[in-house]
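Student: Show me the folded form of this:
(2 chains)
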There are 2 protein chains.
Amino acid sequence: MSDLPASRQPRLDALGHVTGATRYAGDVAWPGMLHARLVTSPYARARIVDIDPSAALATPGVIAVLTASDLGISALDDLRMFEPLAAKETYFAGQPLALVVATSAAAAADGAEAVTLRLDPLDPIVSIDEALDPSRAPARPRQALGTGAASMSVHGDVADAGDADADRRWTSPNVRQRFLRRSGQVEEALRACDIVRTGRFRLQRIYQAALEPQVALAKPEPDGSLLVVTSTQGIHYTHNQLSKMLGLPPDRVRVVGAPLGGAFGSKTLVVEPLAAAAALRLGRPVRLEFTRSEDFLAGNPMGAMEIDCTIGVRDGRLSVLVATVVQEAGAYSEWAAAGLASVVIGGPYRWDAWRVEGVVVETNLAGVGPYRAPGGPAATFARESLIDEICTDSGLDELELRLASLARPGDAMLDGRPWPEIGIEACLRRLGEHEAWRRRASKRGGRGVGVAAGYWPGAKSAAGVICRLESDGCLSILTGVADMSGALSGLASLAADTFGIDRQRVRVVHLDSLAAPATPYSGGSTITYSVGPAVIEAARLARERVLAVAAHELEAAVDDLVVAGDRVEVRGSPNRNLGLGEIAILASDGGRYLPVEGYAVNLAPVIAPLSAAVLAEVEVDPETGVVAVERLVVAQDVGRAIDADLVRAQIHGGALQGLGWALSEEILVDDAGNVLSGSFLDYAIPTATSAPTIETEIVEVPAPHGPMGARGVGEGPVVPTPAAIANAVARAVGRRFFELPMTRERVWRSCSRQ
Amino acid sequence: MSDLPASRQPRLDALGHVTGATRYAGDVAWPGMLHARLVTSPYARARIVDIDPSAALATPGVIAVLTASDLGISALDDLRMFEPLAAKETYFAGQPLALVVATSAAAAADGAEAVTLRLDPLDPIVSIDEALDPSRAPARPRQALGTGAASMSVHGDVADAGDADADRRWTSPNVRQRFLRRSGQVEEALRACDIVRTGRFRLQRIYQAALEPQVALAKPEPDGSLLVVTSTQGIHYTHNQLSKMLGLPPDRVRVVGAPLGGAFGSKTLVVEPLAAAAALRLGRPVRLEFTRSEDFLAGNPMGAMEIDCTIGVRDGRLSVLVATVVQEAGAYSEWAAAGLASVVIGGPYRWDAWRVEGVVVETNLAGVGPYRAPGGPAATFARESLIDEICTDSGLDELELRLASLARPGDAMLDGRPWPEIGIEACLRRLGEHEAWRRRASKRGGRGVGVAAGYWPGAKSAAGVICRLESDGCLSILTGVADMSGALSGLASLAADTFGIDRQRVRVVHLDSLAAPATPYSGGSTITYSVGPAVIEAARLARERVLAVAAHELEAAVDDLVVAGDRVEVRGSPNRNLGLGEIAILASDGGRYLPVEGYAVNLAPVIAPLSAAVLAEVEVDPETGVVAVERLVVAQDVGRAIDADLVRAQIHGGALQGLGWALSEEILVDDAGNVLSGSFLDYAIPTATSAPTIETEIVEVPAPHGPMGARGVGEGPVVPTPAAIANAVARAVGRRFFELPMTRERVWRSCSRQ
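Tutor: Got it, this is the predicted structure:
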């Protein structure tokens, strides 16, 4: 935490956020704009007999009722992610069946209620058990499945895989993807272990709960092209997919990424195709903003996971890992986290032998999407719970066992890739030094301290960026990156430090998808790690060109120049200087100088895993089942804290989300596939008042290819937090919870059985 | 003309032009848009006593009547180019005094007529003679002149200069800029000449006559920024100037360059400040489109020139040049061509001694702007007329004298810079081989053949560009360049040839001023020469990255790959291939490959002069004064014809404009400074029916730093054409014309005096 860059400043978007000046996609209003409202399926599975728009069309203000055949999305069969509107059958309750477009949002809502649906209900698959049953029919007919994957690989490579054992086991038609990671002879190795523990762990469906629901606007331009303004995590991904879906040449689509009002993985091509296709069909601007209820029903939540896990310890070290990670992925299962979870479940440890299967099953629930470290918290909950159980049973120290078991650089991850150097040992040791840890034995009466460790592989993505000195002496970063969590402020810090100016003189010019250099999808803790080095190099190039102009104009050697405030000075002769703005104007004016802009591209050769260890201190009231988390201490290796305030804010947010997953968040579904917790009255996210004290311990083990050594941050804190809380609860009440969230009811029931 | 690239295709914009699909700035309509109309000064010079808006404001639909103090342009005193609205005095007839903004164009026009002006007329300066008279008052008070030049240097460096002789001569307060080019002892050298001829030559004010008048729209965005859509030659120049004038940070201005409906130098910051300031003031979108009459009155025409020229020939070679080039630059004289003309008057020749002065005088006429090869045609008319006169009088052959006098590489231009290799000798020899030249002696009865030679220095400008492979396998060129004359089609050809695909698979994605890499102003024959090498390099980089992806995917060596159609194939194994679109998608999808985009920047170390020789064949009817140009043969060194059709089209256009300047175009002004020829009824441009046969002879002497050797093209043909026509007329009627245009009246009068 020493020598932080002096350029630390408030987040670039802070003023807009606190004053309300930020214009989100939902704030955009175009003259003549129409409003769209969904008609969604009341059944988890049904044949569509008829969608009768007549009453809706008679509703004042209603312009059109669009169904699948109206959308003009030509490549529908090739869309594996989802169908924008259900065509012949509906595969989950809440699936969009029709789009009512009207001159006002109220008219559209009235129209949507007036649409008469004739649906022929079919038997749905609504649970992992049902999905694994070989006697059940497919949740979605096979012919609806194409082969051209449209999935994103931001969260790393995945590969279908299996072996003879697995082939025998997974015979249900609803098993859609399989992954197998194995090394060594696990049965033999387990027999050699001193202690072995097994458990089945569950994490329910969870909802990303962005404060801003899914929202996009689309407008056909007079030249036949399409403008889309949307709350998206990736303009280029959205651009390419829309171009393909709508059959528009890539230069006829322009995607403008509006400031994100939260995303966490959810803002990925859910609403854009609907708004875009409707706008093209009607030749008018169309706005589609999900209601909160639609966002719950028709969004892309994180799927439930069921993890069977066995861990063996030998000679005081973790030795063997056997696991099966089954993810329920809803009706559109192409993006699923089981592949990732089947690697991340290894944790930051060295195993002598392992066999992990990842299995994705299809159900008649909403198709799933990513959510902050997808699969990581569930996998980590399973592994770290068993480690804790082993320590409880064997008397091994929780930190010592973990420290003794850490992977060293060069050891294999579960997918065979070699471990680079990471900072998890330092993270664990920081927790060990914490007074809450040292006093843990004194906890009594429903109080407990738990720890957990975990990692996230991180991601890398190719990225291009331009840095340009402007005529007012400020430096612009030209990019299309969606700012999920202050990443742009971090990039601005990198540019400022590289160029030698205050960060307040750095701006981000946010470009649309036609104009922006290669822009990664914001997710997987990608942006700082992937874009940062490009920013540094682009700023360096811009600076080089600026100094070349100044050297010529001031008749000085480049090496004698310094950037001081908003000027370039000759070292030792501050009177010989030139304003940065003047330099920009000189360079833009005719043919004397190279432009004072730098372009750079970056693609790291390897990823840089993030790792974190979390200590949770809880008090459990067995009479009410209330788990009060009093303190979370997150020790995280961020490689390099480019901006410590941003890092801490990220850690706070992730820890708090982990707390929600641990204690209260779950999308409840009934036997018919209906969502029971489809509003914030029923789905409880942590609020500011429920936030514990969150302490951050920043560890800096530089990533060789990160900007100034930085790793991603965002996904690190959420990974071990639910496990740490679960371990603390287990210590507090002497009883382990195998299912998250540990709701009051579950805790109370469990304690009552005591 | 051999081995032209196979990629030659119709101009990218041809289809839009012929079908009417092109959307010019004037076609843009925004909801809620207001329309602005000018109130212009009826006096060439007057004190503004009062501008009474009351009647105008009472006109239905009128929203506001804005005067200078309303515009909120803070840096007015520093604006040397012009005042958007006159503040205290008016300095030319037609100067905008107020802007009437209304809900319709008709209401704005009605409102403008209803504005009552109280002006106190002052004595104007309306001619070069008056401007040079030391006893006259300044056309504009000195305190209105700032020092921070806002002028562009696209047309090369200029520098105030003089010597003792000059200082004594130019004592009028209306002499605003002076340039002196001298070498050797001209008096002595003249005495040694065999023949010396002197003349005073005049070219009147001329009008660029773009079919689309000046037009811009400005819209305040909800976030406080400003969007400007305009018919401009330079988005970045306009961006920087507007940012400065309006006091907006550079990232709060976005200039979108609409397709140009003609420009020729005129589309440079004439209307944008008015539309932008009005939009900001009123908080609503404002559209300002000049009427044809306003375009004549309040645009930025080319100023009149008066050239005193003396040429001496010794031993059959041009030896001495003495000249004074006085340009009348109107009331806003900061951009003037006299500096350029005082160099270009040297022509492509080697002189033993020279003394050339360039003088810019201010008058109470509209401030001038550039027009295709500003100053070149007038200077060339003077020089080539005298050369022709010398040949007539001495019996020297017109081609032989010129050929004997050509500068060789390394010889000095008039400004001291060394001549590079140019192709003028080949151009002259092509004319000598032409049957029209060989049969010239047979011309009788008012028929004549004339020749002239000239050059244009060309220009260079720093330029950045991105080439990107798109998901449909097409290659995009990302640039903000304004397409004056098909330049973008030429750039597309360069990209296509470099990448190895058909030009129909190359698109230009036109970016706005915030997004575009460094974009030169389109003018001075800059674009192909300056941007072309960046396009080649960017396309090469994109191709390199594309092949890297293909090599990895196809498991082949890069050297074994070829781009064939829309695929990359392994040489000799065409079945091993990958579509370009697939490659783009692979590269954009996650972190495996570098983005298939290339950025490159270019700044040529030297300019590359264009040169041309023109043969004109005319028939003159002395009874009517009608000069019928029957044939123009333009032999031009283009360095390399990237696209021969585009080159020929450019040459045709330039030759035809030169014909207009020679015979019919002139902005007539009366003694009070009123424009008499302010419409196309009074100002005669050549039309398709008056076009002669134009033959092109393309010479290719590569420019070392040009793309594939190309030089600029646009300004070459216009330079010698008026001179060639004048020389042909002189041959036809045995009488020389020292003043352009050679109108029917002038020719008739001259012939009548015979």
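Student: same question for the longest helix anywhere in chain A, mean pLDDT?
Tutor: Secondary structure of chain A per DSSP state H: the longest helix is helix A:527-554. The average of the pLDDT scores along helix A:527-554 is 97.
Student: on contacts alone, who are the packing partners of that helix?
Tutor: In terms of contacts (3 or more Cβ pairs under 8 Å, 6 or more residues apart in numbering or on different chains; DSSP states H and E), helix A:527-554 is packed against strand A:463-469, strand A:475-479, helix A:487-499, strand A:561-564, strand A:567-570, strand A:573-579, helix A:580-588, strand A:597-602. Where you see a C-beta, it was placed from the backbone N, CA and C, and this is true even at glycine.
Student: Ok, which of the ones you listed comes nearest chain B?
Tutor: strand A:597-602 (3.8 Å; Cβ to the nearest Cβ).
Student: now check the closest one, is it near chain B?
Tutor: Yes. Counting by Cβ under 8 Å from any Cβ of the partner chain, chain B is contacted by strand A:597-602 at A:597, A:599, A:601.
Student: Between those, which sits nearest residue B:410?
Tutor: When those are ranked by distance to residue B:410 (Cβ to Cβ), residue A:597 comes first, at 35.4 Å.
Student: Setting the sequence-adjacent residues aside, check what's closest to the closest one.
Tutor: Using Cβ to Cβ, 6 or more residues apart in numbering or on different chains and skipping the chain neighbours, the partner closest in space to residue A:597 is residue A:468 (3.9 Å).
Student: Quick check: the one you found touching residue A:539?
Tutor: No. Between residue A:468 and residue A:539 there is no contact under Cβ atoms under 8 Å: 9.8 Å.
Student: Please enumerate the shared neighbours of those two.
Tutor: Listed as contacting both residue A:468 and residue A:539 by Cβ atoms under 8 Å, 6 or more residues apart in numbering or on different chains are A:475, A:598.
Student: Quick check: phi and psi at the residue in the stretch 301-450 of chain A positioned nearest to chain B.
Tutor: Scanning the stretch 301-450 of chain A for proximity to chain B using Cβ to the nearest Cβ identifies residue A:335 as nearest, at 12.8 Å. Per-residue torsions, residue A:335: phi -100, psi 110 (degrees, to the nearest 10).
Student: hang on, it packs against residue A:370?
Tutor: Yes. Residue A:335 lies in contact with residue A:370 (Cβ under 8 Å); the separation is 6.8 Å.
Student: Could you report the neighbour count for residue A:512?
Tutor: Other residues near residue A:512 come to 21 when the count uses other Cβ atoms under 10 Å in any protein chain shown.
Student: how much space between it and residue A:16?
Tutor: 19 Å (Cβ to Cβ, to the nearest Å).
Student: What of residue A:455?
Tutor: Counting by Cβ to Cβ, the gap from residue A:455 to residue A:16 is 34 Å.
Student: neighbour-wise, which of the two wins?
Tutor: When neighbours are counted by other Cβ under 10 Å, residue A:455 and residue A:16 differ, and residue A:455 comes out ahead with 30 against 15.
Student: OK, contacts around that one?
Tutor: Taking Cβ under 8 Å, 6+ apart as the criterion, residue A:455 is in contact with A:344, A:347, A:348, A:422, A:424, A:609, A:610, A:611, A:612, A:716, A:719.
Student: hey, what's it bridged with?
Tutor: Here residue A:455 shows beta-bridge partners residue A:611, assigned using DSSP bridges.
Student: ditto for residue A:34
Tutor: With DSSP bridges as the rule, residue A:34 is bridged to residue A:286.
Student: Quick check: which ranges of chain A have low pLDDT?
Tutor: Flagging of chain A using pLDDT under 70 yields the residue ranges A:1-8, A:74-82, A:142-162, A:754.
Student: Serialize the helices and strands packed on helix A:527-554 to JSON lines and add fields for distance to residue A:73 and mean neighbour count.
Tutor: Formatted as JSON lines, the helices and strands packed on helix A:527-554 follow (distance: least, Cβ to Cβ, whole Å; neighbours: other Cβ atoms under 10 Å in any protein chain shown):
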{"stretch": "strand A:463-469", "distance to residue A:73": "30", "mean neighbour count": "29"}
{"stretch": "strand A:475-479", "distance to residue A:73": "29", "mean neighbour count": "26"}
{"stretch": "helix A:487-499", "distance to residue A:73": "32", "mean neighbour count": "26"}
{"stretch": "strand A:561-564", "distance to residue A:73": "51", "mean neighbour count": "17"}
{"stretch": "strand A:567-570", "distance to residue A:73": "54", "mean neighbour count": "21"}
{"stretch": "strand A:573-579", "distance to residue A:73": "53", "mean neighbour count": "14"}
{"stretch": "helix A:580-588", "distance to residue A:73": "44", "mean neighbour count": "22"}
{"stretch": "strand A:597-602", "distance to residue A:73": "33", "mean neighbour count": "25"}
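Student: Apart from its chain neighbours, what residue comes closest to residue A:610?
Tutor: Leaving aside its chain neighbours, residue A:610 sits nearest to residue A:716 (3.9 Å; criterion: Cβ to Cβ, 6+ apart).
Student: Let me know the secondary structure of whatever residue of the stretch 651-754 of chain A ends up closest to chain B.
Tutor: Residue of the stretch 651-754 of chain A nearest chain B, by Cβ to the nearest Cβ: residue A:705 (11.5 Å). Using DSSP: H, G, I helix; E, B strand; the rest coil, the structure places residue A:705 in coil.
Student: Go ahead and confirm it touches residue A:604.
Tutor: Yes. Contact criterion Cβ under 8 Å: residue A:705 and residue A:604 qualify, at 4.0 Å.
Student: Spell out whether stretch A:513-520 and chain B are in contact.
Tutor: Yes. With Cβ under 8 Å from any Cβ as the criterion, chain B is reached by stretch A:513-520 at A:514, A:515, A:516, A:517, A:518, A:520.
Student: and the first one, helix, strand or coil?
Tutor: Here residue A:514 takes the coil state, with states given by three-state DSSP.
Student: And for it, the neighbour number?
Tutor: Using other Cβ under 10 Å: residue A:514 sits among 26 other residues.
Student: Next, the contact list for it, please.
Tutor: A:239, A:251, A:253, A:254, B:478, B:509, B:511.
Student: what about the closest residue to chain B within the stretch 601-750 of chain A, neighbour count?
Tutor: With Cβ to the nearest Cβ, the shortest gap between the stretch 601-750 of chain A and chain B falls at residue A:603, namely 5.2 Å. Residues near residue A:603, counting by other Cβ under 10 Å, number 21.
Student: now swap in the one 3 residues further on and tell me
Tutor: For residue A:606, the tally of surrounding residues (other Cβ under 10 Å) stands at 14.
Student: ok, it touching residue A:420?
Tutor: Yes. The criterion here is Cβ under 8 Å, and residue A:606 meets it with residue A:420 at 6.5 Å.
Student: What strand or helix carries the residue lying closest to residue A:630 once chain neighbours are set aside?
Tutor: Nearest residue to residue A:630, sequence neighbours excluded (Cβ to Cβ, 6+ apart): residue A:617, at 4.9 Å. Using DSSP states H and E, residue A:617 sits within strand A:610-621.
Student: to the chain's geometric centre, what's the distance from that strand?
Tutor: The chain centre lies 21 Å from the centre of strand A:610-621; the measure is Cα atoms, centre = their mean, to the nearest Å.
Student: Then stretch A:434-442?
Tutor: That offset, for stretch A:434-442, works out to 33 Å (Cα atoms, centre = their mean).
Student: what comes into contact with it?
Tutor: Outside stretch A:434-442, the residues touching it (Cβ under 8 Å, 6+ apart) are A:399, A:431, A:448, A:449, A:451, A:615, A:617, A:631, A:633, A:695, A:697, A:731.
Student: Contacts only, for the fourth one.
Tutor: It refers to residue A:449. Residue A:449 makes contact with A:436, A:437, A:440, A:443, A:615, A:616, A:617, A:618, A:728, A:731 under the criterion Cβ under 8 Å, 6+ apart.
Student: Many thanks, I have nothing further to ask.
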